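Engineer: Sequence first, predicted coordinates after that:
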Amino acid sequence: MFDINVERLTGGGVPGAGAPPEAEPFADAGVLAPLGLPNLKLGDYRGEGRGTFYLETFGCQMNEHDSEKVAGVLLARGYRQVDTVEAASVILYNTCSIREKAAQKVYSRLGEFRPQESEQQGSGEKEQTASLLRGQAEGGQCRSGRSKERPIPGKIIGVLGCLAQQEGEDIFTRAPWVSLVCGSASYQKLPQLIAELEAGNRRVTGLDTDTDETFETEMTRRDNPLRAYLTIIEGCDKACSYCVVPFTRGPERSRASASILEEVRKLADTGYSELTLLGQTVNSYADPSARKMRFSELLEAVAGVRGIRRVRFMTSHPRDFGKDIVDAMDAVPGICEHVHLPVQSGSSKVLRAMARTYSREEYLEKVALLRRSKREISLTTDIIVGFPGETESDFEETLNLLDEAQFDGAFSFKYSPRPNTPSLRMGDAIPEEEKSRRLAMLMEKQREIQRKRNEKLVGRVFEVMVEGKSRRDKQWSGHTSANRVMNFTSREEETLGDYVQVKVVAVTPNSLVGERVSN
Ligand code: SAM
Ligand code: SF4
């Protein structure tokens, strides 16, 4: 079913905008042909003369989209994007620190640049760099020995995003070969920081979070030619007790509605028909302009732009999820029938400790609101198991919330203690094995719910945007409005980006299997 569930059910997803970069359609079969870039070819922007950059992204869709903007900034400055660190003069990691594992992954990637002891003695710095990169190419074996306390000459290695914000200049101590550290709240400064490095500065940082700016760029290099992302609100003011986002992404800043709509029109003109509006709490959007457009009005306005056929939004916070959003979905078919509404726990006691600002009952009222819609809105969620003090009976409440809410998908996570967060100081930690047991039980139950819910869809016909072609003959894939992955057969030679009607003939817990019917 949902692409996002492919990750969820393995317990490894990165949710929210939250939600992880989407698994490729046909992820089950692993046979997706790479998509081309019909509208926005990288080559169209290639600058001449400047350096080259390699950019790797960890984490959520917001990070993926931030990377698209960072790439746009660099391309506009004349840099050329390359596929390998060896070929790059600027190497950038856009990082995630939502859980400990995500942070460790980044440090292990940075560790691949650690110079070998033998390389530090005697040989010139140029040779050292060359050797480093040879080591990379030969399998990343440059791990032993102490590093020199300086960046790698001729190369800029930069850490961007949430880990950069969280660790700050400590990154220079742990990985002295890094020369740029910049959190997402300071991305406006990126061009200036890069210019400083180009001018010969050895190390630069952008770590302010007290900004009221959003990261808007003249040019965004979009990776997906069919579905575009658009951040409408950055940062988060919610202060959930377990979460690093308020520290790493700064306070909430919304983008003016007129500027959003202008970009939507441009995207429609370049051929995009599907957009996803992004924000950690996208529905907390507060138009900073005199127009004071509500989030639900913005959804309607975006869906009303000529050429836009589907509008998605991610992630919604339950506290700010009101009837006006459901009314807008009922009134405007172009607003996709999917809501990602993280619950985190089924126990009001745990929700209070998490500072989620709603109770179990209040969350279920929001679910009832969605179920009263004229449309069949699919509902997905995020859940944390093993929060400090979560008793067996609290966990039981989460399990029976699954029965009550009937989610179409759930990202589930073991609680991970994070720096700076209030929950770090809470007692009554749950042992790792117990967290794993709860996670497995939760996932098993949710898988069964999804299987049953999907089985009810057999025989139904859905509109699907064609997004991928399988290497297998006549096999295609795409998403329904409700964001379910549909793998389907067609006698036609389909065109990527077209909308077609597909009848469901079989299901798995994570996807639908269909046959193309005539439009
Ligand atoms: N803003 C969204 C919301 O209100 O739920 C979610 C954004 S957060 C980046 C994505 C998800 O990561 C959360 O919904 C939560 O389930 C999970 N998460 C955040 N901090 C976590 C932690 N310390 N341990 C485990 N999971 C965590
Ligand atoms: Fe983190 Fe809570 Fe903000 Fe979501 S709402 S980003 S979980 S603090």
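Structural biologist: Arrived safely. Since the model is a prediction, treat every value here as computed from it, not as a measurement. Numbers count the residues shown, from 1 in each chain. Ligands and ions are numbered 1, 2, ... in the order given.
Engineer: For the helix or strand harbouring Ala195, list every residue counted as buried.
Structural biologist: Ala195 is located in helix 190-198, with elements delineated by DSSP states H and E. Applying a neighbour-count criterion of 16 or more other C-beta atoms under 10 Å, one finds 190, 193-194, 196-197 buried in helix 190-198. Where you see a C-beta, it was placed from the backbone N, CA and C, and this is true even at glycine.
Engineer: just stretch 510-519 next, same as before
Structural biologist: 510-514, 516.
Engineer: Model confidence for the residue in the stretch 301-450 of the chain positioned nearest to ligand 2, exactly?
Structural biologist: Shortest the stretch 301-450 of the chain-to-ligand 2 distance, computed as C-beta to the nearest ligand atom: residue-wise this is His317, at 5.3 Å. pLDDT recorded at His317 is 98.
Engineer: Wait, it touches Ser284, no?
Structural biologist: Yes. Assessed by C-beta atoms under 8 Å, His317 is found in contact with Ser284 at 5.9 Å.
Engineer: quick one: common contacting residues for those two?
Structural biologist: Lys238 (C-beta atoms under 8 Å, 6 or more residues apart in numbering).
Engineer: Can you name the residues of the stretch 251-400 of the chain that neighbour ligand 2?
Structural biologist: 280-281, 317 (C-beta under 6 Å from any ligand atom).
Engineer: what's the helix holding Ala195 packed up against?
Structural biologist: helix 61-76, strand 180-182, strand 204-206 (3 or more C-beta pairs under 8 Å, 6 or more residues apart in numbering; DSSP states H and E).
Engineer: wait, which of those is closest to ligand 2?
Structural biologist: Using C-beta to the nearest ligand atom, the nearest of the helices and strands packed on helix 190-198 to ligand 2 is helix 61-76, at 9.8 Å.
Engineer: helices and strands around that closest one, which ones?
Structural biologist: By 3+ C-beta pairs under 8 Å, 6+ apart, helix 61-76 packs against helix 42-45, strand 52-57, strand 80-81, strand 90-95, strand 156-161, helix 190-198, strand 227-231, strand 274-278.
Engineer: Quick check: the spatially closest residue to Lys189 that is not a sequence neighbour vs ligand 1, distance?
Structural biologist: Leaving aside its sequence neighbours, Lys189 sits nearest to Gly206 (C-beta to C-beta, 6 or more residues apart in numbering; 4.4 Å). To ligand 1, Gly206 is 21 Å away according to C-beta to the nearest ligand atom, to the nearest Å.
Engineer: My guess is Ser477 contacts Arg484. True?
Structural biologist: No. When contacts are counted by C-beta under 8 Å, Ser477 is not listed as touching Arg484 (11.0 Å).
Engineer: just to revisit the earlier point, want to throw the buried residues of helix 190-198 into a markdown table with pLDDT and distance to ligand 1?
Structural biologist: Listed next are the buried residues of helix 190-198 as a markdown table, based on pLDDT from 0 to 100; distance: C-beta to the nearest ligand atom, whole Å:
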| residue | pLDDT | distance to ligand 1 |
| --- | --- | --- |
| Leu190 | 87 | 22 |
| Leu193 | 92 | 25 |
| Ile194 | 86 | 27 |
| Glu196 | 91 | 30 |
| Leu197 | 88 | 29 |
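Engineer: What residues does the residue nearest to Leu190 when sequence neighbours are not counted make contact with?
Structural biologist: Spatial nearest neighbour of Leu190, chain neighbours left out: Val73 (5.6 Å); criterion: C-beta to C-beta, 6+ apart. If you count contacts by C-beta under 8 Å, 6+ apart, Val73 has them with 190-191, 194, 217, 219.
Engineer: and if we set it to 6 Å?
Structural biologist: 190-191, 217 (C-beta atoms under 6 Å, 6 or more residues apart in numbering).
Engineer: Is it possible to get a markdown table of the residues you listed that adds distance to Gly161?
Structural biologist: As requested, those are arranged in a markdown table below (distance: C-beta to C-beta, whole Å):
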| residue | distance to Gly161 |
| --- | --- |
| Leu190 | 12 |
| Pro191 | 17 |
| Thr217 | 16 |
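Engineer: for the chain, which helix is longest?
Structural biologist: Criterion DSSP state H: the longest helix present in the chain is helix 432-455.
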